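Q: fold the following for me, if possible:
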Amino acid sequence: MRQSKRLRALAVIPFVALGLLAQAPDGTAAPAATGKVAEHQSRWDYPKDAAPGPGQEIHTVEKGDTLWDLGAKYLGNPFAWPQIWELNKWVKDPHWIFPGDPILVEPSRATVTQPKGQDQQPLSPRDVADLQPDVRRPRKPVLEEYSYTFQDFIEMPYLVPGSGEAYLKQIGAFKVVGREDATRDMLGDGDYLYIGGGSDQGVKPGDRLVVTKIYARKFFHPEDKRHQKVLGDILEQYGIIRVTHVYPSQSVAIIEKSLDGITIDGYAAPYIEPAAMVNNLRTDIASPVQLKEPAAKIIFIRMNKDVAAGGDLVIIDKGAQDGFQVGQVLLTARPVPLDPSAHASKAMTNYYLGQLIVIKSGERAATCRILRSTEEVMVGDILTH
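A: Purely as a prediction, here's the structure:
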């Protein structure tokens, strides 16, 4: 799993945040209260008064702080850093926060909580050696792996019935119509592009959109060799943008995150923040795999690859209508003859290949992420509940 880019704060001259940070008895910085924000060097027009609401706190940025780190500290999940950015719209670019900036956080939205009073600073080896086991309650398992994260969301392919253009129009997507740097065909993080929707269409500064392209038109099932029935178009998400300037019929947006180069032949579709899913692998993985109807088949591998492995995204030919729902962990198997040398024999078995999780489910098709695989996964492999 690729690690998200850490958004480091710049080192600037020392600062004093009057009224924001108090000293706890142990000398550490206590949560800030409402008060004046000390003047300091910052790129942003930061609020001059700190006014947290119910359940909120003010964190004064220190050298080395990042939104990624603050997500882990206050929300229990570094991938939740966009929630903090949403509360601080005066931060125009999440790559830059500055020592002295007052960052509003809301610990009540934490996905993983830390026991009250527990020191959040890293313990030294000596401190660790002196720790005693807590026998008052059973220990909770450490969550070491996510089965679906923000990065998977950015590069997710999915199948829509009918025309991709019609689907994108239906959900209110806007065409990407231009870019600030006309000399470049491929754009990346920090670049600006133009979209064909503005205030007349309800676009507002700060809106976040997901850049989506039509990867394949008139897609047929791999087993439909005669191309008798079109399944639909395959769309693929490949970047997140945020609107910075709005005009009546067009807007300017900055690319917040992209894993592949963004071109101006895509669309800016409505953004719904994804929820990270914790890995919950199955244990019933013995061969032969017992297939449960209706079974599904892999029909597409992201980027149209021939084979896939752990972390890859695939599309299957069953969806919500067939009982395949988001969050379900599926087993994948491959049918093989019991006796390969007996050409006339039709006796088959299904040996275990791996596990996948459903991350997006349409009526007739779903997108899955491969969690584990014993060997290459291919188009045509079977999936079962």
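Q: assess the claim that D306 and V377 are in contact.
A: No: using Cβ atoms under 8 Å, D306 is not in contact with V377; the gap is 10.4 Å. Yep, even glycine has a C-beta here, placed from its N, CA and C like the rest.
Q: comparing the two, which shows the higher neighbour count?
A: Using other Cβ atoms under 10 Å, the more surrounded residue of D306 and V377 is V377, with 23 against 8.
Q: ok, the more buried one touching V307?
A: Yes: with contacts counted by Cβ under 8 Å, V377 reaches V307, the gap being 6.7 Å.
Q: anything in contact with each of the two?
A: I301 (Cβ atoms under 8 Å, 6 or more residues apart in numbering).
Q: in the protein, which residue is most central in space?
A: Nearest residue to the geometric centre of the chain (Cα atoms, centre = their mean): F150, 1.0 Å.
Q: which residue, other than its chain neighbours, is closest to it?
A: Excluding the flanking residues, the one nearest F150 by Cβ to Cβ, 6 or more residues apart in numbering is F79, at 5.1 Å.
Q: then K297?
A: Counting by Cβ to Cβ, 6+ apart, D317 is the residue found nearest to K297 once chain neighbours are left out, at 5.3 Å.
Q: cool, and I154?
A: Residue nearest to I154 in three dimensions, not counting chain neighbours: L259, with 5.5 Å by Cβ to Cβ, 6+ apart.
Q: give me every residue that touches that neighbour.
A: Counting by Cβ under 8 Å, 6+ apart, L259 touches 151, 154-155, 238-239.
Q: for I370, state which of the residues you listed is nearest.
A: Using Cβ to Cβ, E155 is the member of those that lies nearest I370, at 13.4 Å.
Q: where does the stretch 101-250 of the chain dip in pLDDT?
A: 111-144 (pLDDT under 70).
Q: hey, what's the closest residue to D191 other than its chain neighbours bridged with?
A: When the adjacent residues along the chain are set aside, D191 lies closest to I255, with 5.0 Å between them (Cβ to Cβ, 6+ apart). Beta-bridge partners of I255, counted by DSSP bridges, are I241.
Q: could you check how far I255 is from L67?
A: Counting by Cβ to Cβ, to the nearest Å, the gap from I255 to L67 is 17 Å.
Q: next: V91.
A: V91 is 8 Å from L67, by Cβ to Cβ.
Q: neighbour count for those two, which is higher?
A: Between V91 and L67, counted using other Cβ under 10 Å, the more crowded position is L67 (26 against 22).
Q: can you pull the pLDDT of the more buried one?
A: Looking at L67, its pLDDT is 91.
Q: which residue is the nearest non-sequential neighbour of it?
A: Per Cβ to Cβ, 6+ apart, closest to L67 is W81, 4.1 Å.
Q: before we move on, what about L193?
A: Excluding the flanking residues, the one nearest L193 by Cβ to Cβ, 6+ apart is R179, at 4.7 Å.
Q: repeat for D260
A: Y238 (4.8 Å).
Q: can you report how many residues neighbour G202?
A: 10.
Q: please begin residue numbering at 308 from this point
A: Okay, residue one is now 308; in that scheme the one you just asked about reads as G509.
Q: check which helices and strands the top helix by length along the chain is in contact with.
A: Across the chain, the helix with the greatest residue count (assigned by DSSP state H) is helix 374-382. Applying 3 or more Cβ pairs under 8 Å, 6 or more residues apart in numbering; DSSP states H and E, one finds that helix 374-382 contacts strand 364-367, helix 388-394, strand 409-412.
Q: those: which one's closest to P555?
A: For P555, the closest of the helices and strands packed on helix 374-382 is helix 388-394, at 25.7 Å, according to Cβ to Cβ.
Q: tell me which residues of that closest one come out buried.
A: Buried residues in helix 388-394, counted by 16 or more other Cβ atoms under 10 Å: 388-392.
Q: hmm, R589 is touching L663, no?
A: No: counting by Cβ under 8 Å, R589 sits too far from L663 to count as a contact (10.4 Å).
Q: those two: who's more crowded?
A: Neighbours per residue, other Cβ under 10 Å: of R589 and L663, the larger number sits with L663, 31 against 11.
Q: OK, contacts around that one?
A: Counting by Cβ under 8 Å, 6+ apart, L663 has contacts 621, 636-637, 639, 675-678, 690.
Q: let's go with 7 Å and repeat that
A: L663 makes contact with 637, 639, 675-678, 690, according to Cβ atoms under 7 Å, 6 or more residues apart in numbering.
Q: which one of these is nearest to G407?
A: For the contacts of L663, the nearest to G407 is R676 (40.4 Å; Cβ to Cβ).
Q: could you measure R549 against P555, distance?
A: Using Cβ to Cβ, we find R549 at a distance of 19 Å from P555.
Q: out of these two, which sits in the more crowded spot?
A: Just comparing R549 and P555: by other Cβ under 10 Å the higher neighbour count belongs to R549, 20 against 10.
Q: okay, the more buried one and K476: tell me how far apart.
A: Distance from R549 to K476, by Cβ to Cβ: 22 Å.
Q: restricted to helices, list the contacts of L663.
A: When DSSP H defines the helices, the subset of these inside them is empty.
Q: from these, list the buried ones, please.
A: Among the contacts of L663, those scoring as buried are 637, 639, 675-678, 690 (criterion: 16+ other Cβ under 10 Å).
Q: tell me the buried residues in stretch 515-525?
A: Neighbour counts over stretch 515-525 (16+ other Cβ under 10 Å) mark 515-523 as buried.
Q: same thing with stretch 485-493?
A: Across stretch 485-493, burial judged by 16+ other Cβ under 10 Å covers R486.
Q: stretch 411-418 now?
A: 411-414, 416-417.
Q: just send these back as CSV, with distance to I365 too.
A: Shown next, in CSV, are those (distance: Cβ to Cβ, whole Å):
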residue, distance to I365
L411, 6
V412, 8
E413, 11
P414, 12
R416, 16
A417, 16
